[in-house]
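> mind looking at a prediction? Sequence and model below.
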Amino acid sequence: MSDPKDLLLDAALPHVAFDGWTEATFNAALADSGIDGAVARAICPRGAVDLAVAYHHRGDAQMLAALKAEDLSEMRFRDRIAHAVRLRLEAAEDKEAVRRGTTLFALPHYAPDGAKLIWGTADHIWDALGDTSDDFNWYSKRMTLSGVYSATVLFWLGDTSDGHAATWAFLDRRIDNVMQIEKLKAQVNKSPALSKLMAGPNWVLGQIKPPVRFSKGDFPGSWTAPRD
């Protein structure tokens with residue numbers, strides 16, 4: 001049996017371009033999907049907002065599947081990151097749905113959801129590429145990539161170039177900027193005087209650990225689709 005949230009999302013997408021991620025879209029999805037209203041409200045308490053979140057999660061899942069299917073061993077690491085971001089954008093086939101979602105999550109009361117989604121995408125990318133950091137670097141990598149991803153999405157939304165060539169060039173420039181910062185950090189660490197100066201702050205940062213991971217099923221109140 002299909003996940004009712006997936007059915008609702010599929011039914012909602014044709015309406016998003018006209019009505020956005022709104023109650024009107026959610027009601028239209030209810031009518032088109034035939035899903036019981038009580039079930040729909042149980043899995044999407046906030047209506048279309050939760051469907052917008054589900055749409056983002058779907059794109060993340062498609063990106064991860066595409067990454068898993070490819071051999072990236074011959075790529076430089078910075079190119080793997082760029083490729084992952086590109087796959088994530090290409091997974092968002094409906095640009096208008098993304099545009100409407102960007103508008104929704106720019107609202108103050110939904111901004112925390114938007115920030116969490118972007119962070120989650122960056123986290124998925126780093127995990128897929130084999131990140132093993134267990135200190136402050138875990139946070140800094142995801143923070144930096146979140147910024148790169150956010151800026152690239154905004155550029156992509158307004159890009160009319162053939163094959164989004166301008167977006168991919170923009171993405172490469174942003175990653176080059178990040179790599180320059182990483183190069184500067186490495187030079188600081190190699191300098192005996194600067195290393196001594198930063199010993200205290202580096203020790204403090206070294207004590208910061210990433211959050212404990214939980215599987216989806218560990219959280220109470222989550223919906224699990226019935227099995228056939």
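On my side now, so go ahead. None of the values given here were measured: they were computed from a predicted structure.
> show me what whatever helix or strand residue 153 lives in is in contact with.
Using DSSP states H and E, residue 153 sits in helix 136-157. Helix 136-157 is contacted from outside by 81, 85, 88-89, 95, 98-99, 102, 115, 118-119, 121-123, 125-126, 131, 133, 164, 166-167, 170-171, 174-175, 178, 181, 205-206, 208-210, using Cβ atoms under 8 Å, 6 or more residues apart in numbering. Just so you know, the C-beta spots here come from the backbone N, C-alpha and C atoms, and that holds for glycine as well.
> what mean pLDDT does stretch 41-51 get?
In this model, stretch 41-51 carries a mean pLDDT of 97.
> quote the end-to-end distance of it.
End-to-end distance of stretch 41-51 (Cα to Cα, to the nearest Å): 11 Å.
> which element is the residue nearest to the spatial centre of the chain on?
Closest residue to the average C-alpha location of the chain: residue 121 at 2.3 Å, with Cα atoms, centre = their mean. Using DSSP H and E, residue 121 sits within helix 111-128.
> and that helix, what does it pack onto?
helix 48-68, helix 77-91, helix 136-157 (3 or more Cβ pairs under 8 Å, 6 or more residues apart in numbering; DSSP states H and E).
> so for residue 18, which of the ones you listed sits nearest?
Residue 18 sits nearest to helix 48-68 of all these, at 12.6 Å, using Cβ to Cβ.
> quick one: low-confidence parts of this protein?
For the chain, residues meeting the criterion pLDDT under 70 lie at 1, 181-210, 212-228.
> okay, and the residue lying closest to residue 86 once chain neighbours are set aside sits in which element?
Distance criterion Cβ to Cβ, 6 or more residues apart in numbering; nearest residue to residue 86, sequence neighbours excluded, is residue 168 at 6.2 Å. Using DSSP H and E, residue 168 falls within helix 165-190.
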